[in-house]
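*Asks:* Need coordinates for the below:
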Amino acid sequence: MTSRYYAAMNPIPEDYSDRVYAGVLGKLIGVYLGRPFEGWSYEAISARWGEINCYVHEDQKVPLIVSDDDISGTFTFIRALLDHDSGREISSREIGQTWLNYMAEHKHILSWSGMGRSTEHTAYLRLAAGIEAPESGSIALNGKAVAEEIGAQIFIDGWAMVSPKQPEQAARFAREASLVSHDGEAVHGAVMIAVMESLAFGENDIDLLIDGGLKFIPADSEISRMIADLRRWHREDGDWRVTLNKLRGQWGYERYGTGCPMVSNHAIIILALLYGQGDFDRSMMIVNTSGYDTDCNAGNLGCLLGIRNGLGTFRTGYDWRTPVNDRMVLPSADGHWGMMDAAGMAQILVNIGRKLAGQSPVHPKGGARYNFVLPGSTHGFAPTELCPRATKLEPVDGGLRLRMLVDGLRCDAEVATFLTPDMLNYEEAYWLSSNPALYPGQTLCARVLAAESNAAPMQVRLMVRTYKDGETLELYDSPDWTLAPGEAKNIEWMIPENVPMPVATAGLSVAGPEGSAMVLDSMTWHGVPSLNLTAPPQTGVWWRKMPVWARSFTSLVDHYYGGNTVSFSLMQNRGRGLLHTGSGEWEDYCVSAGINPMLAKEFGIAARVQGLTRYYALLLRAGGKAVLVRMKHQETVLAETDFAWEFRKVVVFRMEVKGIRIRGWIDGREIFDVNDPVDGLTRGGIGFVITEGGIKAQCLSLTP
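*Replies:* This next block holds a predicted model:
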């Protein structure tokens, strides 16, 4: 039975969106819960807390919401299905290309602990050296110990969530995705998880989920034999701790002698699945208290149970959901996705799944970025510290309600559009980076509804907060609108172009009598702004620790520093480097910059940037050549001509992208005017390109 046939026989479930959202939440909850004691033993966890029944991040003095490879890899590598047209026939080679597009070494997603120690870093180095998947992750090249660690499993949930009730498709996706970096038992473990999650969209029985997964891996594999042992012990023991002790003796880390073996950690997931019997709280307690790679194991199991149980799984027992508040960050070489939320990510996955099943995408409320259509979703909105006691925020059917608790005080709700001060001040194990999602000059839009029960009219205004001095946020408000009780209104505000950058948060503020309420139905923004990106006067010179303004660019170069006199000093030691910012929603615009080449094999500007290997670039090359190129995993030269240039002499570049038409000017002279209809890129950010050398520039400009 082919995957295409199986998809046709299994249409998208009616509750598909809700279950995907529950799966994303379960993944986040599991990772955030297990992260503070990742790698601890059962004995150490038990001695400290007894059992893990709640978040313990405060006890460990760490944030709850952090960047983590389990989250970033899961929701970044799935973008292979957006970047390639292969659909259900996606290959490990194409997924490997996606790795190279969204990761720069030592900067994004992975722990980068070295060749032969980190399976993923080892595979990345193979890919970067031109060794394509699946060879990049093979036992033949990397050895059994490295190739059979846990990473294939921890990144796999997205492939299942786009394959509801389609186990053959989920198994194929999991196998192709795993082979980029892993082999052998690691692939079998990933296939097990993906198939169980796919089946969980329509199957509730735990034993049938496990049986379904086993059908897709070899019966004589270690994963299969380990699961048989666990099921037998589960029947015999009746106590998860007794079974855990047997598990560690027969299938524990000592058997494999590696840092994080797949089989041992997969065993913990199956243990918690069997003894938890679908109860989220009990399953989270077992999978985390058992030790080993707790955030990875809890993340996979949380996603599986979220899909199986639906959103109702978070409405009983401990309140896992409120502290998370839909928040997630996705640092990658495409900074446009840096500030993401659980509801937004769920809707992206749903549309991928619908496309694979031959159905049209859904864009609630006209495609508004924050639409609140998923039950209980908040998209990460929270009260500001400006009014902590005056505001009560609560999700309601299709919106977010702001209720006035104190008469006469402002009541705010905002969402992060860039790295917030608490994120910047926490040293991450996984590099935290993002481009701003919102810029001065764009139009902020919202639909708001005043409660019919309000005793008097309410005032509402839109707001943003931007970095004032690199550490604190400064508030900018729109004019007021007045809404009578029961009135609904669409409001818009173009953020003034003189507002400082980067914009860190956006939201709205309401005022009215105590007890009155306003519902935010949706919020979004649109437009390509006019920007002159240059270091603000107070920046000073930086060498190592970048100021906030500089961190609004995704740095894919070896060295990036600057200051007031020169905003951008970029050096690339080997190969091509890129520095970019902007939005993945920008389509038609003009980008320009004056660049002084200190030493360079090639240099220039980029448009429609979507990562490290997806963009257009207007370049000058050694030997007196000007070229217009399209990078889409591989370079295609769209046009080339002679153009004399000199080191340490400023060259002014200008590139216009409009639909399929791309035009390029150098020093005011138009030298390229081409159409790229065959394989073009339609949207993305702007930036600089430098290959083996150094350049300086004072300003990067954008005009609609």
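
*Asks:* just checking, what's the longest helix in the protein?
*Replies:* helix 16-34 (DSSP state H).

*Asks:* Does anything pack onto that helix? Which helices or strands?
*Replies:* Judged by 3 or more CB pairs under 8 Å, 6 or more residues apart in numbering; DSSP states H and E, the packing partners of helix 16-34 are helix 69-77, helix 157-161, helix 280-289, helix 294-309, helix 321-324, helix 342-356. Where you see a C-beta, it was placed from the backbone N, CA and C, and this is true even at glycine.

*Asks:* quick check, residue 56 in a helix?
*Replies:* No - using DSSP: H, G, I helix; E, B strand; the rest coil, the assignment for residue 56 is coil, not a helix.

*Asks:* Next one: it from residue 323, what distance?
*Replies:* Plainly put, residue 56 is 12 Å away from residue 323 if you go by CB to CB, to the nearest Å.

*Asks:* and the longest helix of the chain, which residues are buried?
*Replies:* 16-34 (16 or more other CB atoms under 10 Å).

*Asks:* what does stretch 369-386 give?
*Replies:* For stretch 369-386, the neighbour count (16+ other CB under 10 Å) marks 369-384, 386 as buried.

*Asks:* What of stretch 503-519?
*Replies:* For stretch 503-519, a neighbour-count test (16+ other CB under 10 Å) marks 503-512, 516-519 as buried.

*Asks:* Tell me which of the residues you listed fall in helices.
*Replies:* In helices, judged by DSSP H, none of the buried residues of stretch 503-519 are found.

*Asks:* Pull up the distance across stretch 360-375, start to finish.
*Replies:* Across its full length, stretch 360-375 reaches 22 Å end to end, with CA to CA, to the nearest Å as the criterion.

*Asks:* dump the residue contacts of the closest residue in space to residue 684 that isn't next to it in sequence.
*Replies:* Leaving out its chain neighbours, the residue that sits closest to residue 684 by CB to CB, 6 or more residues apart in numbering is residue 608, at 3.7 Å. By CB atoms under 8 Å, 6 or more residues apart in numbering, residue 608 lies in contact with 586, 615-616, 657, 681-685.

*Asks:* Using neighbour counts, trim these to the buried set.
*Replies:* For those, buried by 16+ other CB under 10 Å: 586, 615-616, 657, 681, 683-685.

*Asks:* List the buried residues in stretch 136-144.
*Replies:* 136-139, 141-142.

*Asks:* Quick check: residue 217 vs residue 493, distance?
*Replies:* For residue 217, the distance to residue 493 - CB to CB - is 55 Å.

*Asks:* got it, and residue 317?
*Replies:* Separation of residue 317 from residue 493 (CB to CB): 42 Å.

*Asks:* And those two? Which one has more around it.
*Replies:* residue 493 (21 against 13; other CB atoms under 10 Å).

*Asks:* For the more buried one, which non-adjacent residue is closest in space?
*Replies:* residue 478 (3.8 Å).

*Asks:* got the contact list for that neighbour?
*Replies:* Contacts of residue 478 by CB under 8 Å, 6+ apart are 444, 461-463, 491, 493.

*Asks:* Swap in 7 Å and give it another go.
*Replies:* 461-463, 493 (CB atoms under 7 Å, 6 or more residues apart in numbering).

*Asks:* Could you identify the most distant pair in these?
*Replies:* Spanning the widest gap among those are 463 and 493, at 8.9 Å by CB to CB.

*Asks:* Tell me which of residue 56 and residue 323 has more neighbours.
*Replies:* Comparing residue 56 with residue 323 by other CB under 10 Å, the one with more neighbours is residue 56, at 19 against 14.

*Asks:* so the more buried one makes contact with residue 49?
*Replies:* Yes - using CB atoms under 7 Å, residue 56 is in contact with residue 49, at 6.2 Å.

*Asks:* Residue 464 versus residue 508, what's the distance?
*Replies:* According to CB to CB, residue 508 and residue 464 sit 10 Å apart.

*Asks:* re earlier: helix or strand for the residue nearest to residue 684, just tell me which one.
*Replies:* strand 602-609 (DSSP states H and E).

*Asks:* what comes into contact with the helix or strand that contains residue 169?
*Replies:* In the assignment (DSSP H and E), residue 169 maps to helix 167-178. If you take CB under 7 Å, 6+ apart as the criterion, helix 167-178 is touched by 1, 3, 6-7, 77, 88, 90-92, 95, 152, 155-156, 159-160, 163, 186-187, 190-191, 194-195, 198-199, 212, 216.

*Asks:* Selecting buried members of those residues in PyMOL, what would you type?
*Replies:* Selecting only the buried entries of the contacts of helix 167-178 in PyMOL, with 16+ other CB under 10 Å as the criterion:
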select buried, resi 3+6+7+77+88+90+91+92+95+152+155+156+159+160+163+186+187+190+191+194+195+198+199+212+216
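
*Asks:* quick check: longest strand of the chain.
*Replies:* Ranked by residue count, the top strand of the chain under DSSP state E comes out as strand 685-703.

*Asks:* Which of the contacts of residue 478 sits closest to residue 542?
*Replies:* residue 463 (29.4 Å).

*Asks:* End to end on stretch 448-468, go ahead and measure it.
*Replies:* End-to-end for stretch 448-468, by CA to CA: 29 Å.

*Asks:* oh, I was asking about stretch 386-400
*Replies:* End-to-end for stretch 386-400, by CA to CA: 19 Å.

*Asks:* How about stretch 533-549?
*Replies:* 10 Å.

*Asks:* Quick one: mean pLDDT over that stretch.
*Replies:* For stretch 533-549, mean pLDDT is 78.

*Asks:* What residues of that stretch count as buried?
*Replies:* By neighbour count with 16+ other CB under 10 Å, stretch 533-549 contains the buried residues 533-536, 539, 542, 546-549.

*Asks:* tell me which of the residues you listed is nearest to residue 261?
*Replies:* If you rank the buried residues of stretch 533-549 by distance to residue 261 using CB to CB, residue 546 comes first, at 37.6 Å.

*Asks:* Can you tell me the closest non-neighbouring residue to that closest one?
*Replies:* Residue nearest to residue 546 in three dimensions, not counting chain neighbours: residue 560, with 7.2 Å by CB to CB, 6+ apart.

*Asks:* Just to check, the one you found is in contact with residue 570?
*Replies:* Yes - contact criterion CB under 7 Å: residue 560 and residue 570 qualify, at 5.7 Å.

*Asks:* what about the two, which has more around it?
*Replies:* residue 570 (28 against 19).

*Asks:* quick one: the helices in the stretch 51-200 of the chain?
*Replies:* 69-77, 80-83, 92-102, 119-128, 139-142, 144-147, 151-154, 157-161, 167-178, 185-199 (DSSP state H, counting those that start in this stretch).

*Asks:* Which one, of the ones you listed, ends up nearest to residue 642?
*Replies:* Comparing the helices of the stretch 51-200 of the chain by CB to CB, helix 92-102 comes nearest, at 31.3 Å.

*Asks:* who's residue 576 bridged to?
*Replies:* Residues in a beta bridge with residue 576, per DSSP bridges, are residue 691.

*Asks:* Tell me how many other residues crowd it.
*Replies:* 20.

*Asks:* likewise the one 5 residues further on?
*Replies:* Neighbourhood size, residue 581 [other CB under 10 Å]: 24.

*Asks:* Might one say that it is in contact with residue 685?
*Replies:* Yes - using CB under 7 Å, residue 581 is in contact with residue 685, at 5.7 Å.

*Asks:* circling back to that earlier point, could you tell me which residues touch both of residue 560 and residue 570?
*Replies:* Residues touching both residue 560 and residue 570 (CB under 7 Å, 6+ apart): residue 579.

*Asks:* can I have stretch 571-588 written out in PDB, keeping just the CAs?
*Replies:* Output in PDB follows, covering the C-alpha atoms of stretch 571-588 (Å, rounded to 0.1, in the frame of the first residue of the first chain):
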ATOM      1  CA  MET A 571      34.600  39.400   8.000                       C
ATOM      2  CA  GLN A 572      34.300  35.900   6.600                       C
ATOM      3  CA  ASN A 573      37.300  33.600   6.900                       C
ATOM      4  CA  ARG A 574      36.200  30.800   4.700                       C
ATOM      5  CA  GLY A 575      33.400  30.400   2.200                       C
ATOM      6  CA  ARG A 576      30.400  32.800   1.900                       C
ATOM      7  CA  GLY A 577      28.800  34.600   4.800                       C
ATOM      8  CA  LEU A 578      25.600  36.500   5.100                       C
ATOM      9  CA  LEU A 579      24.100  39.100   7.500                       C
ATOM     10  CA  HIS A 580      20.400  39.700   7.200                       C
ATOM     11  CA  THR A 581      17.300  41.100   8.800                       C
ATOM     12  CA  GLY A 582      13.700  41.700   7.800                       C
ATOM     13  CA  SER A 583      10.500  39.700   7.400                       C
ATOM     14  CA  GLY A 584       9.600  36.600   5.500                       C
ATOM     15  CA  GLU A 585       6.400  38.400   4.500                       C
ATOM     16  CA  TRP A 586       8.200  41.200   2.400                       C
ATOM     17  CA  GLU A 587       7.600  40.600  -1.300                       C
ATOM     18  CA  ASP A 588       8.300  43.700  -3.500                       C
END
